[in-house]
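1. just coords:
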C-alpha cells in the first residue's frame, strides 16, 4: 500500500445521493441549472439524514454553471470551508472532484462536502459539437483544434471516430462488438425507472441507425440531457451516525500523460485510448487490489468504442481483446464484469459521470434496480480517449 493510499483509504465515505428527474436536452431549461442543482443537493442531504445547511464544502466540475457560494447562501449555511473545481472533459472534472473532496475532508477544511453537476441545454446554448463549429467560423479555436479544426475535425463524434477506426485497424474490432455495448446499456436501462431510454435495442437497430462520423452511428453516441445529481461525502468518523450505510472511497486518482493537451502528438501505440492504463495502475495500487477484484464497473460511456478500450485500459481484458470480451456477454449482469447496470450515459442520462457515482453507491448499498449480487468493490472510471482523466474505487 502506497503512502497516498494510507492518507485516503477508508477515511472518507459517500453518505448521501440525490438527483432530479432526467429529461431530453432542453426540456428542463425553464428550470435553470441553479434550481436543479439545489434540488439534487437537497435530495442527497435528505438521503444522508442531514440538513443542507450542514454542507460546508463543495467540489465539482470547472464548467459547472452554478457557483458554490450561491448554493450555500440558498441553504443558509453558516460557513463555507472549502470550494474547489476540477478541469478536464469526459468525467475528468466530476470524478476528479472525488479527489478534491476527499483531501478537503481528510485535511479538515470541511465536515460535509457535496459533489454536484447540473446541466440544461436550451436551443440558445447550442450543442457541444455545434459550439466548436461556431468557434471555427470565428477563428476562436482551442489549441488542440488549431491544426485539425480548419479541415473539419470539430465535433466529439468526429474526434473519437479516429480512435475507433484505429482500434478496428489494429485489432479487428467490429461494428457488432461496438453495438453490443449499446445493446447492453438498453438492456440494463429497461428496468430503471429513471432512465431516458428503456426500449430494448437489437444489433440490427444499432446498425440501421444513421451514421454520425464513420464508424460511429447515432446509437454509438451518448445523448445530451437535462438534469442534476449530487453526492454527499464526509469523514468516516461522522458517517456511522447518519441515515445510510457508508460507501467508502478506497482509492482515487487524477492525472494525464505526457503531451496530454494535444491529440496530434500521442504515439500510435497509445492513440486508441490515450494511455488510461497509468491511471488504472495508480487506482489499483492505492486500493491494494487487482482488476479481477472489481465486482461492478461504472465506465464513462460517451461513445461505445471508448468503453471497449477502457475495459482494456483498466486491465479487465488484454489490449485488443475488448471486442471479444463484450461480444461474449462478459459485461451483462451475469457476466464476469457487470457494466453500467443503470444504463449509463447511453441509456440512463448524460451527466458527465455523476450518475455513475450514484449507481456505484446504490450497488454497494445493495439497493440498485439491477443489483449485482454481493457487490463489494466498484470501479468508477473516467472517459477513455480523454486527458486528464480520473477514477475511483469504492467499497461497502
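-> That came through, no problem. Being a predicted model, the structure only gives us computed values, none of them experimental. Numbering: from 1, shown residues only.

2. check which helix or strand covers residue 228.
-> strand 225-235 (DSSP states H and E).

3. ok, that strand: who's next to it in the sheet?
-> strand 12-19 (antiparallel), strand 23-24 (antiparallel), strand 112-119 (antiparallel) (DSSP bridges).

4. Tell me which helix or strand residue 98 sits in.
-> Residue 98 belongs to helix 92-106 when assigned by DSSP H and E.

5. Distance of the spatially most central residue of the chain relative to residue 147?
-> By CA atoms, centre = their mean, the chain has its centre lying nearest to residue 353, at 2.2 Å. According to CB to CB, to the nearest Å, residue 353 and residue 147 sit 29 Å apart. No exception for glycine: its C-beta is placed from N, CA and C like everyone else's.

6. now residue 208
-> Between residue 208 and residue 147 the distance is 35 Å, computed by CB to CB.

7. ok, back up a step: just the mean pLDDT for the helix holding residue 98, thanks.
-> Averaging pLDDT along helix 92-106 gives 89.

8. so it versus strand 112-119, what angle?
-> 170 degrees (axes from the mean of the first three to the mean of the last three CA atoms, to 10 degrees).

9. how about helix 92-106: buried residues?
-> By neighbour count with 16 or more other CB atoms under 10 Å, helix 92-106 contains the buried residues 92-105.

10. Pick the one among those residues closest to residue 329.
-> residue 95 (27.3 Å; CB to CB).

11. For the closest one, which residues are in contact?
-> Residues near residue 95 by CB atoms under 8 Å, 6 or more residues apart in numbering: 252, 254, 353, 357, 380, 381, 382, 389, 390, 391, 392.

12. Pairing partners for the last one in the sheet, please.
-> Right, residue 392. When assigned by DSSP bridges, residue 392 has beta-bridge partners residue 252, residue 380.

13. Next, count neighbours for it.
-> 29 (other CB atoms under 10 Å).

14. okay but it is in contact with residue 382, surely?
-> No - in this structure, residue 392 is not within contact of residue 382 by CB atoms under 8 Å, at 9.3 Å.

15. Could you provide the buried residues of helix 92-106 in TSV, with additional columns for distance to residue 298?
-> Below are the buried residues of helix 92-106 laid out as TSV (distance: CB to CB, whole Å):
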residue	distance to residue 298
92	15
93	16
94	12
95	10
96	15
97	15
98	12
99	17
100	19
101	17
102	18
103	22
104	23
105	22
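
16. now, the most widely separated pair of those residues?
-> Top of the distance list for the buried residues of helix 92-106 (CB to CB): 92 and 105, 20.7 Å.

17. contacting residues for residue 342?
-> Residues near residue 342 by CB under 8 Å, 6+ apart: 188-189, 192, 194-195, 298, 348, 355-356, 358-359, 362, 368-370.

18. which one of those is nearest residue 44?
-> Nearest member of the contacts of residue 342 to residue 44, counting by CB to CB, is residue 358, at 9.0 Å.

19. Confirm that the closest one sits in a helix.
-> Yes - under DSSP: H, G, I helix; E, B strand; the rest coil, residue 358 sits within a helix.

20. who's in contact with it?
-> Neighbours of residue 358 in contact, by CB under 8 Å, 6+ apart: 17, 19, 229, 231, 342.

21. rerun at 10 Å
-> 14, 17-19, 40, 44, 194, 229-231, 298, 342, 348, 351, 368, 380 (CB atoms under 10 Å, 6 or more residues apart in numbering).

22. What separation do you get for it and residue 9?
-> Applying CB to CB, the value for residue 358 to residue 9 is 22 Å.

23. who's in contact with the closest residue to residue 14 other than its chain neighbours?
-> Excluding the flanking residues, the one nearest residue 14 by CB to CB, 6 or more residues apart in numbering is residue 247, at 4.4 Å. If a contact means CB under 10 Å, 6+ apart, then residue 247 has 13-15, 17, 231, 233, 239, 357, 360-365, 378, 394-396 as its contacts.

24. next one: residue 237
-> 11, 13.

25. and if you look at residue 22?
-> So residue 22 contacts 28, 119, 194-196, 223, 225-229, 348-351, 355 (CB under 10 Å, 6+ apart).

26. how about a cut-off of 6 Å?
-> 194, 196, 225, 227, 349 (CB atoms under 6 Å, 6 or more residues apart in numbering).

27. Over to residue 190?
-> residue 198.

28. and if we set it to 7 Å?
-> 198, 200 (CB atoms under 7 Å, 6 or more residues apart in numbering).

29. Would you mind giving me the confidence score for it?
-> 98.

30. which residues of the stretch 151-300 of the chain fall in strands?
-> For the stretch 151-300 of the chain, strands defined by DSSP state E, counting those that start in this stretch occupy the ranges 211-213, 216-217, 225-235, 247-255, 296-299.

31. Compile these into a markdown table and extend it with columns for distance to residue 290 and mean pLDDT.
-> Compiled in a markdown table, these are given as follows (distance: least, CB to CB, whole Å; pLDDT from 0 to 100):
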| stretch | distance to residue 290 | mean pLDDT |
| --- | --- | --- |
| strand 211-213 | 36 | 96 |
| strand 216-217 | 32 | 98 |
| strand 225-235 | 26 | 97 |
| strand 247-255 | 13 | 90 |
| strand 296-299 | 14 | 97 |
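
32. can you tell me which of these comes nearest to residue 329?
-> Comparing the strands of the stretch 151-300 of the chain by CB to CB, strand 296-299 comes nearest, at 14.6 Å.

33. Tell me which helix or strand comes right after that closest one.
-> In N-to-C order, the element after strand 296-299 by DSSP H and E is helix 304-313.

34. end to end, how far does stretch 59-77 reach?
-> One end of stretch 59-77 to the other measures 16 Å (CA to CA, to the nearest Å).
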